[in-house]
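> one predicted model, sequence on top.
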Amino acid sequence: MTRTIPLLTALLFLALPLSLLAGRVWLDPWATPNAVVILAELRLPRALLAIVIGAGLGAAGAAMQGYLRNPLADPGLFGIAPGAALGAVASLWFGYAAAAWLLPGFALAGAGGAMALLALIVGRGAGIALFTLAGMMIASLAGALTSLAISLAPNAFAMSEIVTWLMGALTDRSWSDVWLAAPLTLAGIVLLRLAGPGLDALTLGESAARSLGVEPRRLQALLIAGTGLTVGSGVAVAGIVGFVGLIVPHLVRPLTDSRPSSLIVPSALAGALLVLVADCLCRILPLVTELRLGIALSLVGAPFFLALLLRMRREVLE
Amino acid sequence: MIEVNSVAVRNRLGAVTAAFERGRITAICGPNGAGKSTLLQVLAGLVEPEAGKVRLDGARLPRGRERARRIGYLPQVGEVAWDLSVARLVALGRLPHGDRGEVQVAEALAAVDLAALAGRPVSTLSGGERARALLARVLAGEPQWILADEPLAALDLLHQLALLAHLRAASDAGTGVVLVLHDLALAMNHADRVLVLERGRLAAEGAPEEALSEAVIARVWGVAARWLGEPGARALVAEGGRGPHPSSANRLRR
């Protein structure tokens, strides 16, 4: 664990400059015309945004798996990502996306709505099972409303805009997106890290955790706020990016002492690295149109996850 | 001292009054569904009674970390969700104190003879080692009270005796030990005091020889049984039941 964080940080600092140069057109800072403008206005914000949303998804996934004591949990389970997506879709539906701040604003409002609904449901002292079910219900409701919005789209253009946006991407993002997502994600990661000791105690089960002084409502509040900020701001600026929150904690867990608290920061770093590299690969691939990040991650993530499950099963059998 | 004064929990406990003292081992016995675990959870502050009072040393039971520093609770299901090392698992007992407590963790590991396995992943432990590691987790918090729900149930005879010896050592050092026990012979031979619950109510209470007398066992468990051997080394021989137990029949109806 002590070596994991410096190692991942070093890799991130190595990957960042490479990602700035990589693309359909490889940049040579000294030869390419307008290299400085391209770097400063296009590639740097995009790379930073990849780092920000990857970090948020990684940390949220690690916290979620710790809370549910289940390595198959994913930040989408709480309904916050679908809630944010619904908000964004609503803004596209009404054609509000013209102003740069409106879509992320709507998405954040959607995430906030999902968070408030969750908090309302669990405010009466719900256990982990009810909490998760409530999240899944919110996710399914938001998903249904999103589908409704698509099917009732006012025109073909809005429909295609919604569908494309939902796939998740980092194309054409600017500094304003970075300034929106970075502080919110950072605050969310701090909150999730604060939930760490409570998540550690949950390793021993719900009643043992309470006997160790963990207040279930405080823990739930930290998780709702932390996941809401990280995932909500991620969806607001990049759409739905799947699998990062699921895979990254798996990859990082063997490098740590397996306590949920010591997994959160390394998962944030590894998530940042994964999305940064994946976004680079999306740009480099010689396709007619650029591969959407959300699609690419799911394309790679699903087989990876299957292999992981099969390996886990083999270990159990042995 | 932990006192409960006519505490009631719906469908599980009805007006139980009892006092528990430090420096001795108290066993809570009773048939399935008698409310043993519920009473233990009330003592641990994990279940809020609907009626009645729970007092710790004359004051209201504290909450959160303050309570956790004083009362250690060992649940019946020894769940460990992640594959921590034994030392990390035991160190979870320091959470209420908010420190690493390296000294206390080392002492707790030594107390249950697991110091040599400190670096091993929990998944590689045997059932007996795992039970000892979970007890060490409670010991590491240096609580004044250890409340354990069936800590011996999954263990073989040797490990049962070993764990009881650890609990006896803690009790001799002034810790209050309260155990839910199914095995009446273990309660008879190792507890200083026994509480017998039946359908949520106190059916007998006192020294093991009285609280677990053959008459009480016949009345509460519906089993004609005889104690053999000398006090402190008793064995129970059951001679036959009297058909379905009234308390279980009652529960089915409810």
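Thanks, I have the structure now. Worth saying up front: this structure is predicted, and the values here are computed from it rather than measured.
> can you give me the strands for the stretch 1-150 of chain B?
Using DSSP state E, counting those that start in this stretch, the strands of the stretch 1-150 of chain B run over B:2-9, B:13-20, B:25-29, B:51-56, B:59-60, B:71-74, B:145-149.
> let me have the ones you listed in JSON lines, adding distance to A:P17, mean pLDDT and mean neighbour count as columns.
Yep, even glycine has a C-beta here, placed from its N, CA and C like the rest. As requested, these are exported to JSON lines (distance: least, C-beta to C-beta, whole Å; pLDDT from 0 to 100; neighbours: other C-beta atoms under 10 Å in any protein chain shown):
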{"stretch": "strand B:2-9", "distance to A:P17": "63", "mean pLDDT": "91", "mean neighbour count": "19"}
{"stretch": "strand B:13-20", "distance to A:P17": "65", "mean pLDDT": "92", "mean neighbour count": "18"}
{"stretch": "strand B:25-29", "distance to A:P17": "65", "mean pLDDT": "96", "mean neighbour count": "26"}
{"stretch": "strand B:51-56", "distance to A:P17": "60", "mean pLDDT": "92", "mean neighbour count": "16"}
{"stretch": "strand B:59-60", "distance to A:P17": "61", "mean pLDDT": "91", "mean neighbour count": "8"}
{"stretch": "strand B:71-74", "distance to A:P17": "52", "mean pLDDT": "95", "mean neighbour count": "27"}
{"stretch": "strand B:145-149", "distance to A:P17": "56", "mean pLDDT": "95", "mean neighbour count": "24"}
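> nearest to chain A, of the ones you listed?
Among the strands of the stretch 1-150 of chain B, strand B:71-74 comes nearest to chain A, with 3.5 Å by C-beta to the nearest C-beta.
> may I have the strands that pair with that closest one, each with its orientation?
Here strand B:71-74 is paired, per DSSP bridges, with strand B:145-149 (parallel).
> following the partner strand, which helix or strand comes up?
Using DSSP states H and E, the helix or strand that follows strand B:145-149 towards the C-terminus is helix B:157-172.
> tell me which element the residue nearest the centre of chain A is part of?
The centre of chain A sits closest to A:L57, judged by C-alpha atoms, centre = their mean, with a distance of 2.8 Å. Element membership for A:L57 (DSSP H and E) is helix A:44-68.
> now do that helix: distance to the chain's middle.
The chain centroid and the centroid of helix A:44-68 are separated by 5 Å, computed with C-alpha atoms, centre = their mean, to the nearest Å.
> packing partners of the helix or strand just after it?
The helix or strand immediately downstream of helix A:44-68 is helix A:80-93, counting by DSSP H and E. When contacts are defined as 3 or more C-beta pairs under 8 Å, 6 or more residues apart in numbering or on different chains; DSSP states H and E, helix A:80-93 sits against helix A:102-122, helix A:128-151, helix A:156-166, helix A:216-238.
> show me which residues of the stretch 51-200 of chain B sit near chain A.
B:64-69, B:71-75, B:77, B:79-85, B:88-89, B:92-93, B:95-96, B:98, B:134, B:137, B:141 (C-beta under 8 Å from any C-beta of the partner chain).
> give me the buried subset of the residues you listed.
Taking 16 or more other C-beta atoms under 10 Å in any protein chain shown as the criterion, what is buried in these is B:65, B:67-69, B:71-75, B:80-85, B:88-89, B:92-93, B:95-96, B:134, B:137, B:141.
> quick one: low-confidence parts of the chain?
All of this refers to chain A. A:1-2, A:96-100, A:123-126, A:315-318 (pLDDT under 70).
> let me rephrase: I mean chain B.
B:240-254.
> what's the local residue count around residue 215?
All of this refers to chain A. Counted with other C-beta atoms under 10 Å in any protein chain shown, residues neighbouring A:E215 total 14.
> ah, I was thinking of chain B
With other C-beta under 10 Å as criterion, B:A215 counts 10.
> what's next to the helix or strand where it lies, contact-wise?
Per DSSP H and E, B:A215 falls inside helix B:214-221. With C-beta atoms under 8 Å, 6 or more residues apart in numbering or on different chains as the test, helix B:214-221 has contacts from B:30-31, B:184, B:196, B:198, B:203-204, B:223-227, B:236, B:245.
> helix or strand right after that helix?
The C-terminal neighbour of helix B:214-221 among helices and strands, as given by DSSP H and E, is strand B:223-230.
> which residue does the stretch 1-150 of chain A have closest to chain B?
A:R69 (3.8 Å).
> apart from its neighbours in sequence, what residue is nearest B:P143?
In space, and not counting its chain neighbours, B:P143 is closest to B:G72: 3.5 Å by C-beta to C-beta, 6 or more residues apart in numbering or on different chains.
> got a list of what the one you found touches?
A:S211, B:G93, B:V138, B:L139, B:G141, B:P143, B:W145, B:I146, B:L147.
> so what's it bridging to?
The partner list for B:G72 in beta bridges (DSSP bridges) reads B:I146.
> burial of B:D192, as a residue count?
Neighbours around B:D192, by other C-beta under 10 Å: 15.
> for A:A55, same thing?
Applying other C-beta under 10 Å, we find 32 residues neighbouring A:A55.
> next one: A:S140
12.
> same question, the one 4 residues further on
A:A144 is surrounded by 12 other residues when neighbours are defined as other C-beta under 10 Å.
> go on, the one 5 residues further on?
Burial measure for A:A149: 20 neighbouring residues, criterion other C-beta under 10 Å.
> same deal with B:R226?
Neighbour tally, B:R226, other C-beta under 10 Å: 11.
> ok, it - contacts?
B:E214, B:L236, B:V237, B:E239.
> I'd assumed B:A224 was in contact with the last one.
Yes: contact between B:E239 and B:A224 holds when scored by C-beta atoms under 8 Å: they sit 4.4 Å apart.
> who has more neighbours out of the two?
Neighbour count, other C-beta under 10 Å: between B:E239 and B:A224, B:A224 has more, with 14 against 10.
> gap between the more buried one and B:L197?
Using C-beta to C-beta, to the nearest Å, B:A224 is found at 20 Å from B:L197.
> same deal with A:G205?
Noted for A:G205: a distance of 24 Å to B:L197, by C-beta to C-beta.
> more crowded one of the two?
Neighbours were counted for A:G205 and for B:L197 using other C-beta under 10 Å; B:L197 has more, 25 against 19.
> between strand B:25-29 and the one helix or strand the more buried one maps to, find me the angle.
B:L197 belongs to strand B:193-198 when assigned by DSSP H and E. Inter-element angle recorded for strand B:193-198 and strand B:25-29: 20 degrees (by axes from the mean of the first three to the mean of the last three C-alpha atoms, to 10 degrees).
> can I get strand B:193-198 in CSV? Just the C-alpha atoms.
Output of strand B:193-198 as CSV, limited to C-alpha atoms (Å, rounded to 0.1, in the frame of the first residue of the first chain):
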residue,chain,number,x,y,z
ARG,B,193,-23.4,-17.2,36.6
VAL,B,194,-26.2,-18.3,34.2
LEU,B,195,-29.3,-16.6,33.0
VAL,B,196,-31.9,-18.9,31.4
LEU,B,197,-34.3,-17.3,29.0
GLU,B,198,-37.6,-18.8,27.8
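> how far does the helix or strand that that strand is followed by sit from its chain's centre?
Downstream of strand B:193-198, the next assigned helix or strand under DSSP H and E is strand B:201-206. Centroid displacement of strand B:201-206 relative to its chain, using C-alpha atoms, centre = their mean, is 16 Å.
> contact residues of chain A facing chain B?
Going by C-beta under 8 Å from any C-beta, the residues of chain A near chain B are A:69-70, A:197, A:200-205, A:207-208, A:210-215, A:253, A:257-260.
> ok, B:L184 touching B:A211?
No: with contact defined as C-beta under 8 Å, B:L184 does not reach B:A211; the gap is 10.2 Å.
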